[in-house]
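Chemist: need a structure here:
(chains A and B, ligands or ions: 1)
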Amino acid sequence: MVGIVGYGAHIPRHRIKVEEIAKVWGADAPSYKKGLLLREKSVPTPDVDTITLSVEATRNALRRAQINPKDIGAVYVGSESHPYAVKPSGTTVAEAIGAVPDCHCADFEFACKAGSEAMFVCLGLVKSGYVKYALAVGGDTSQGAPGDALEYSASAGAAAFIMGTKDVIAEVLHTHSFMTDTPDFWRREHEFYPQHGGRFTGEPAYFRTVTGAANAIMKKAKMTAKDFDYVVFHQPNGKFPLRVGEMLGFKKEQIEPGWLSPRLGNTYSGASPMGLTATLDIAKPGDLILMVSYGSGAGSDAFVWRVTDRINEVRDLAVHTTKLLDENLIYVDYGTYAKYRHKILKNK
Amino acid sequence: MFPARIWREFPQRYRREAAICKKCGKRYFPPRLICAECGGRKFETYVLPDEATVVTFTVIRVAAQQYSDMAPYAIGIVKFDDGLQMMGQIVDCDVDKLKIGMKVRLEFRKVQSHDHHGVLSYAHKFVPKWY
Ligand SMILES: [Zn+2]
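Modeler: Numbering: from 1, shown residues only, chains lettered A, B, ... in the order given. Next comes the predicted model:
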């Protein structure tokens, strides 16, 4: 059996409300809240980056997996906000968890689907027997340009999955990837903020790619929307995952446990992986979960997971994702947020 | 900072590796080459827990420029159950509500970024324990 043997998430404690951002730019907060179904988003403090989020998420995954970190033979961190332009994030993560030195390591990038990419590769490596366990992390501390629609959603968080073949929590039954060259969102080298194609990011990009991957994997699995207990989509805002779910025939109850974006924002590479952690937190043995990521550029990785009996033994060995999401929050104003995100020009 | 110096400290900075004297059982963080108690030179490595108690702290309101984005912040000494102590920043809290004796959790954080071009250094900081 191949699948997830440990999972975990991490979210910064700080939040900023949509109203606080809208106030600064003279925008209409209710229309953002209603139009994009966003209420607030997580904000990383200056001492939090993709590496620190990845380490904390991985430690939660290790608490559930209960394995020796030395048995992890591959470490892949997927992100579009790797702290270094040159030097891997994964080496620091591997060093911090004690997986070094006998370990393969690489950083992945593919806009918001870098995390699910890492998951896909890790599943292949443990299935082939190349490594005993493989670690996949999706995490980001993404930035939207000040005043841009993305500023209301771009947030921070990470999810980590340890893949293996023994004591599996969620078995992978099928995978499917759907990918075309669709330039809906990009950031050129040395640019601080990304650019996007506005409405082009919707229909021909997100919706075509996510439904393409979802329909193909359901065909492969000979399943339809009603066969699944839960579904997790990439969530660039609150609205897209609900609408794509509806297009594919899913009900809101199937989407809800993994639908974190209204109170988390878009954690980019962490988005659908974190949705999966929140869904596993409440899943029962035998439950079937469909997960479909999305990365601009553009592609989707889809997975069909079947939860095993072991979920009941490991679920409470680490903090639940919704606890990190809903409790012990610190709200910041726009000035503090701008300082934390280095949006203020200072004297050197 | 020259990378070699932080690199030598990765076992402590990243993994909280402490040492216990094989001869007399005295614990050290950071580890030492020779036991101050018995002169022993053989040590076993063990990992400090992820929770501790605040022993003392001070609040920095006028920070050095590289830490100015975090001000005001607290620097504290925390004690683990086995008696060892560690110094570090206490974050994600209202500095005016900090108390000696409060429980903290250790979290992996960036401690220095050396402007926009230097090597990044990581270690543990303390956050109030809430679960
Ligand atoms: Zn001794």
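
Chemist: what does chain B put close to chain A?
Modeler: Within chain B, the residues that sit near chain A (Cβ under 8 Å from any Cβ of the partner chain) are B:10, B:14-15, B:50, B:69-70, B:89, B:91-92, B:107-111, B:115, B:120, B:122, B:125, B:127, B:130-131. The C-beta positions use only the backbone N, C-alpha and C, and glycine is treated the same way.

Chemist: do that again at 7 Å, thanks
Modeler: Residues of chain B lying near chain A by Cβ under 7 Å from any Cβ of the partner chain: B:10, B:14-15, B:69-70, B:91-92, B:107-111, B:120, B:122, B:125, B:130-131.

Chemist: Quick one: the strands in the chain, in order.
Modeler: I went with chain A, as the question did not name one. Assigned by DSSP state E, chain A shows strands spanning A:3-10, A:14-17, A:40-43, A:72-78, A:104-108, A:133-141, A:156-164, A:170-182, A:185-186, A:195-196, A:230-233, A:288-292, A:297-307, A:330-331.

Chemist: think we crossed wires, I meant chain B
Modeler: Secondary structure of chain B by DSSP E: the strands cover B:17-21, B:27-28, B:43-47, B:51-60, B:73-79, B:85-90, B:103-112, B:121-128.

Chemist: And the residues of chain B next to chain A, which of them are buried?
Modeler: B:10, B:14-15, B:69-70, B:91-92, B:107-111, B:120, B:122, B:125 (16 or more other Cβ atoms under 10 Å in any protein chain shown).

Chemist: Please identify the deepest-packed of the strands of chain B.
Modeler: Sort the strands of chain B by mean neighbour count, taking mean count of other Cβ atoms under 10 Å in any protein chain shown, and strand B:121-128 sits at the top with a mean of 22.

Chemist: What ranges does chain A have for its helices?
Modeler: Using DSSP state H, the helices of chain A run over A:18-25, A:29-36, A:50-65, A:90-97, A:114-128, A:208-221, A:239-247, A:252-255, A:261-264, A:271-282, A:311-314, A:321-326, A:334-340.

Chemist: Spell out which residues of the stretch 1-150 of chain A are next to chain B.
Modeler: With Cβ under 7 Å from any Cβ as the criterion, the stretch 1-150 of chain A comes near chain B at residues A:13, A:45-49, A:51-52, A:55-56, A:83, A:92, A:95-96, A:98.

Chemist: out of the residues you listed, who's nearest the ion?
Modeler: Nearest to the ion among those: A:G98, at 25.3 Å, using Cβ to the ion.

Chemist: The closest residue to that closest one other than its chain neighbours and A:Y133: what is the separation?
Modeler: Excluding the flanking residues, the one nearest A:G98 by Cβ to Cβ, 6 or more residues apart in numbering or on different chains is A:P69, at 4.4 Å. From A:P69 over to A:Y133 the distance is 9 Å, taken as Cβ to Cβ, to the nearest Å.

Chemist: ok, now A:N237?
Modeler: From A:N237 to A:Y133 the distance is 34 Å (Cβ to Cβ).

Chemist: ok, these two, which is more surrounded?
Modeler: Using other Cβ atoms under 10 Å in any protein chain shown as the criterion, A:N237 and A:Y133 rank with A:Y133 on top: 24 against 21.

Chemist: The more buried one against A:T165, yeah?
Modeler: No: between A:Y133 and A:T165 there is no contact under Cβ atoms under 7 Å: 8.8 Å.

Chemist: hey, what's in contact with both of the two?
Modeler: Counting by Cβ atoms under 7 Å, 6 or more residues apart in numbering or on different chains, the contacts common to A:Y133 and A:T165 are A:V126.

Chemist: in chain A, which segments are predicted with low confidence?
Modeler: Within chain A, the stretches with pLDDT under 70 are A:348.

Chemist: Could you break it into its assigned domains?
Modeler: A:3-169+A:312-340, A:170-309 (automatic domain parsing).

Chemist: Switch these over to CSV; also include distance to the ion.
Modeler: Formatted as CSV, the domains of chain A follow (distance: least, Cβ to the ion, whole Å):
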stretch, distance to the ion
domain A:3-169+A:312-340, 25
domain A:170-309, 44
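
Chemist: Quick one: the strands of chain B as a markdown table, columns for mean pLDDT too.
Modeler: Formatted as a markdown table, these follow (pLDDT from 0 to 100):
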| stretch | mean pLDDT |
| --- | --- |
| strand B:17-21 | 97 |
| strand B:27-28 | 96 |
| strand B:43-47 | 96 |
| strand B:51-60 | 98 |
| strand B:73-79 | 97 |
| strand B:85-90 | 97 |
| strand B:103-112 | 97 |
| strand B:121-128 | 97 |
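
Chemist: Return the set of buried residues in stretch A:311-322.
Modeler: A:311, A:314-315, A:318-322.

Chemist: So which residues make contact with it?
Modeler: Residues from elsewhere that reach stretch A:311-322 (Cβ under 7 Å, 6+ apart): A:8-9, A:60, A:63-64, A:169, A:274, A:277-278, A:280-281, A:283, A:285, B:131.

Chemist: swap in stretch A:292-302?
Modeler: With Cβ under 7 Å, 6+ apart, stretch A:292-302 has contacts from A:110-114, A:116-117, A:120, A:175-180, A:182-185, A:201, A:205-206, A:209-210, A:212-214, A:217, A:233-234, A:272, A:290-291.
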